[in-house]
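> My questions concern the predicted model and sequence given below.
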Amino acid sequence: MNNDIKNNNCGSALVWVLVICIIFAFLGIAIGSIALSMNNRSIKNNSQQQAYFTARSGLDAVVESLNGDPAKYKFSAYLYNNLINGSHSIEIENIFENIGITDNVDEIARIGKCRIEGSYIKGEVTLKATAEAGGQTEKMTLTARRNQDGGTWPAKVWGNLLKESSVQGKIEIGSIKDRKYSESIKDEEKYLIDFVVYQVNAGDESAHKGKLSIVDDTTTNNYPNQAIFIYVNGSETLEIDGIENWEEDYGPDIFIYLNSGATLNLKSQESIYPIYISAGTTAKVNILDGTTAEVFHVNGDLTAVDKNLKFVETSTKVPERIPTSNYNYSANIDPDNGARISKWDIVKYEEDDN
């Protein structure tokens, strides 16, 4: 009988040992599974984080090159020739293989791959990055605009006389050959000077009447004008009967400054005159045929404005259409300012849903 009890106890102990072993085996499997899952999640999170920084680095690299000197850097020249001008768009399969960050293939692989798509319209650059790292994908969008730093306009001493074109009744403006440069501007910086200045003076040499015709004579290593300035000197009158060859999306911006005593006459037209007007206190703006004309902006200094001149402002007195160049809509003239380089500021980053 004692032997039977001993045998039963031994059998029972073996069963419990087996049960405990099974329990620990399941616990081990569960713990291992949890550890593996956490490890995979950690790897995934690290890869996702790497993809995020890869996307952001790719976007920042493009903006940095956009602010670079195209005379020195091939990628900066590529951006100006294609994104800002040309097709106004770019597609780059892997930004890190294109901007010369490194020639090391293994290092590029560790950084990850970042595809960039970019577009430019109405003074705003939109860049979309799709980055891949460790099997994870991150999408991000960056928006950038030209720096509108205080609204200082180039001085009128930089201006050519406004002249009639070979076609009677037309005044050609915006030719690249009309640009002037300060002696302090380096040759390599002239690539980014993107404005021209004109004056309306007394005498037969200066045009006073006609339709403004925007010239598009872009040549190699010259970029289209983003801004055109016309200064009408005191006691002079400029009469405009329309504007042609102007694009809503790409401009250029047209600014007119009326010195005290100057007059601007506009003929009515169905479309808006795409100009921003600033003036001295005794300047005048007239609509010739008694109907209405609309411009982008008239500053608050004008005291003699034809009641038929219209312009659209927001509730905060800002023009509905902001200039796409790096100049403000209201004049602040610096007599010593000849030329300024266009710079681009990042407006915002946005993460896209994957």
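The structure has been received and is ready for your questions.
> from here on, contacts and neighbour counts on C-alpha atoms
Will do.
> Report the buried residues of stretch 163-183.
Within stretch 163-183, the residues scored as buried using 16 or more other Cα atoms under 10 Å are 163-165, 170-176, 179-181.
> scratch that, stretch 89-100
Ser89, Ile90, Asn94, Ile95, Phe96, Glu97, Ile99.
> which one among those residues gets closest to Ile228?
For the buried residues of stretch 89-100, the closest approach to Ile228 (Cα to Cα) belongs to Ser89, at 24.1 Å.
> mind checking the backbone torsions on that closest one?
Ser89 adopts backbone torsions of phi -160, psi 150, taken as degrees, to the nearest 10.
> separation between it and Gln50?
Ser89 is 27 Å from Gln50, where distance means Cα to Cα, to the nearest Å.
> same thing with Tyr276?
Taking Cα to Cα, one finds Tyr276 at 46 Å from Gln50.
> likewise Thr263?
The value you get for Thr263 to Gln50, if Cα to Cα is used, is 61 Å.
> one step back: which one's more surrounded, Tyr276 and Gln50?
Counted by other Cα atoms under 10 Å, Tyr276 and Gln50 do not tie: Tyr276 has more neighbours, with 25 against 22.
> Please report phi then psi for the more buried one.
For Tyr276, the backbone dihedrals (degrees, to the nearest 10) come out as phi -110, psi 120.
> Contact partners for it?
Ile254, Phe255, Ile256, Val295, Phe296, His297, Val298, Tyr329, Ser330 (Cα atoms under 8 Å, 6 or more residues apart in numbering).
> What about those, which one has the most neighbours?
In terms of neighbours by other Cα under 10 Å, those top out with Tyr329 at 28 neighbours.
> Look up how far Gly210 lies from that residue.
24 Å.
> Equivalent analysis for Lys74, please.
According to Cα to Cα, Lys74 and Gly210 sit 41 Å apart.
> Can you pick out the residue with more neighbours from those two?
Gly210 (20 against 15).
> From what I see, that one and Gly169 are in contact.
Yes. Counting by Cα atoms under 8 Å, Gly210 does reach Gly169; the two are 4.7 Å apart.
> now the stretch 201-350 of the chain, which segments are flagged as low pLDDT?
Across the stretch 201-350 of the chain, residues meeting the criterion (pLDDT under 70) sit at 204, 218-222, 300-304, 334-341.
> Do you have the helices of it handy? List them.
Assigned helices in the stretch 201-350 of the chain: none (criterion: DSSP state H, counting those that start in this stretch).
> At which residues are the strands of it located?
Secondary structure of the stretch 201-350 of the chain (DSSP state E, counting those that start in this stretch): strands at 209-214, 227-232, 237-244, 253-258, 263-266, 273-279, 284-287, 293-298, 304-305, 309-311, 332-333, 344-352.
> Need these in JSON lines (columns: distance to Val125).
Below are the strands of the stretch 201-350 of the chain laid out as JSON lines (distance: least, Cα to Cα, whole Å):
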{"stretch": "strand 209-214", "distance to Val125": "23"}
{"stretch": "strand 227-232", "distance to Val125": "17"}
{"stretch": "strand 237-244", "distance to Val125": "25"}
{"stretch": "strand 253-258", "distance to Val125": "17"}
{"stretch": "strand 263-266", "distance to Val125": "33"}
{"stretch": "strand 273-279", "distance to Val125": "21"}
{"stretch": "strand 284-287", "distance to Val125": "35"}
{"stretch": "strand 293-298", "distance to Val125": "22"}
{"stretch": "strand 304-305", "distance to Val125": "36"}
{"stretch": "strand 309-311", "distance to Val125": "26"}
{"stretch": "strand 332-333", "distance to Val125": "26"}
{"stretch": "strand 344-352", "distance to Val125": "9"}
